[in-house]
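Asks: attaching a predicted model along with its sequence, questions to come.
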Amino acid sequence: MENAFSSNFAADSATLVHSGRDYFDRLLKLINDATEEIHFQTYILEDDITGNKIANALKKAAFRKVTVYLLLDGMGSRALSDKFVADLQQSGIHFRFFAPLLSYQSFYFGRRLHHKIMVADAKTVLIGGINIAEKYEGTATKTPWLDYAVLINDVSIGQQAQSICHYYFFKKGKRPNGKTLSGEPNNQSPIKLFQNDWLRRKNEIQNIYLKSIQTAQAEIIIVCGYFLPGRKLTQALKKAAQRNVRIRLIFSGVSDVPLVKGAINYYYPFLLRNKIELYEWNHSILHGKTALVDQSWTTVGSFNLNHLSSYASIEMNVGINSASFAQKYQNHLEHIMLQCRQITAASFVSQNNPLKRFKDWNSYYIVRFFEILLTYLPYNRFLKRR
């Protein structure tokens, strides 16, 4: 079911895309229109109606002699059967799992490929936080998970995105024929790709989030389904609020991981104490990972404000420095917040008894322990290989 509140808009060569039919219709069109090469990388591809629809489109593209590279995360897509994978490969798709769980050579258990990116013919890019599964597309009776992506028609961005995708698919920066890849970023463009892969010393998304909060002058809106930031970011939010920057955070009121929801609730007293506004979306699971600063800069992608995204997972976001794009996205988010339940200090205290607070505290420290453990494993292995 397509979101009733969807509204598409473009700024320069970037268009906001919503989860639901909007995203999947655009994705299918990109696949069907490709003539030379497709790179598709995602954390989750499920063997359901939506997953099979996209897989079939990729197989048809390969039949048209389009070179198709499909990279799925070994943990996020671990439920795919051998038969499903074999069918992809027999159709001519170049397929690989990133870090299969049973491969000793790639035992980076916490280092997951969290990209959600499609590159068509090195010129069109669809990037965001939307996985390939029915819950992101929705049905006639179920609202899709709330999430976003950006469609970019720009050769410079397309080449850069393809270069990044080649690196992770081939585990190196060259094609099999040995040719060096093109794709240098255009520093003059209002649209930029940001990566986070801490083991490769790429902390671009983490740094741009911190910098944007530290330099915000008037307003910050953050959409985050898995909000578990560290001290640097929470202190940056606190200082921004002390500068009278209006901060609004949109979280999920319902969660696919109840333990994580409890851990997020642990932050509420700190956030409310610092006059940060909290909104909970309850119409479906909120899975988005976006930020909007001073009605001028927007970022959309796969990066969550938590320890795993900062120090373990491989992430990609797009940053758009456009007042028109930001203003229209803010209008959309204002409409979303009208449909949310606002959490105030009074309502939070009335609902949060000592037992509930203890459960939230317990959830927070359990989740933090596993976050740190999962980031330590790839870090420790990385040091041993240096």
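Replies: Okay, I see it.
Asks: next up, phi/psi of the residue nearest the centre of the chain, please.
Replies: The structure's the chain has its C-alpha centroid closest to Ser302; by Cα atoms, centre = their mean the separation is 1.4 Å. Geometry field for Ser302 lists phi and psi as phi -100, psi 0, criterion degrees, to the nearest 10.
Asks: repeat that for the one 3 residues further on.
Replies: Dihedral pair for Leu305: phi -80, psi 80, per degrees, to the nearest 10.
Asks: spatially nearest residue to it (excluding sequence neighbours)?
Replies: Pro229 (4.5 Å; Cβ to Cβ, 6 or more residues apart in numbering). Heads up, the C-betas are built off the backbone N, CA and C, glycines and all.
Asks: contact partners for the one you found?
Replies: Shown in contact with Pro229 (Cβ atoms under 8 Å, 6 or more residues apart in numbering): 237, 305-306.
Asks: go ahead and confirm the residue nearest to the centre of the chain touches Leu308.
Replies: No - contact criterion Cβ atoms under 8 Å: Ser302 and Leu308 do not qualify, at 11.3 Å.
Asks: per-residue pLDDT of the nearest residue to Ala62 once chain neighbours are set aside, please?
Replies: Of all residues not flanking Ala62 in the chain, Gly92 sits nearest, at 3.8 Å (Cβ to Cβ, 6+ apart). Listed pLDDT for Gly92 reads 97.
Asks: and for Gly92, the neighbour number?
Replies: 17 (other Cβ atoms under 10 Å).
Asks: quick one: low-confidence parts of the protein?
Replies: 1-12, 100-110, 172-187, 349-352, 376-386 (pLDDT under 70).
Asks: now do the helices in the stretch 251-386 of the chain.
Replies: 258-265, 268-273, 307-311, 323-338, 345-351, 354-385 (DSSP state H, counting those that start in this stretch).
Asks: quick one: residues in contact with the first one.
Replies: When contacts are taken as Cβ under 8 Å, 6+ apart, the neighbours of helix 258-265 outside the stretch itself are 226-228, 251-252, 254-255, 352, 359-360, 362-364, 366-368.
Asks: most surrounded residue in those?
Replies: Busiest of those [other Cβ under 10 Å] is Ser252, holding 26 neighbours.
Asks: contacts only, for that residue.
Replies: 146, 225, 261, 280-281, 285-287.
Asks: so what's it bridging to?
Replies: Trp281 (DSSP bridges).
Asks: mind checking how far it is from Glu315?
Replies: Separation of Ser252 from Glu315 (Cβ to Cβ, to the nearest Å) stands at 19 Å.
Asks: what's the answer for Gly158, then?
Replies: Gly158 sits 19 Å away from Glu315, going by Cβ to Cβ.
Asks: comparing these two, which shows the higher neighbour count?
Replies: Glu315 (28 against 19).
Asks: wait, what's in contact with that one?
Replies: Here Glu315 is in contact with 114-115, 195-197, 205, 301-303, 309 (Cβ under 8 Å, 6+ apart).
Asks: hmm, which two among the contacts of Ser252 are most spread apart?
Replies: Longest distance between any two of the contacts of Ser252 is 15.1 Å, between Leu146 and Lys261; criterion Cβ to Cβ.
Asks: which one's more surrounded, these two?
Replies: Just comparing Leu146 and Lys261: by other Cβ under 10 Å the higher neighbour count belongs to Leu146, 24 against 20.
Asks: run through the bridge partners of that one.
Replies: Leu286.
Asks: which residues touch it?
Replies: 3, 19, 252, 281, 283-288, 336.
Asks: equivalent analysis for Ile49, please.
Replies: Per Cβ under 8 Å, 6+ apart, neighbours of Ile49: Glu134.
Asks: number the chain from 20, please
Replies: Shifting the count to begin at 20 puts that one at Ile68.
Asks: where does it fall, phi/psi-wise?
Replies: Main-chain dihedrals, Ile68, degrees, to the nearest 10: phi -60, psi -50.
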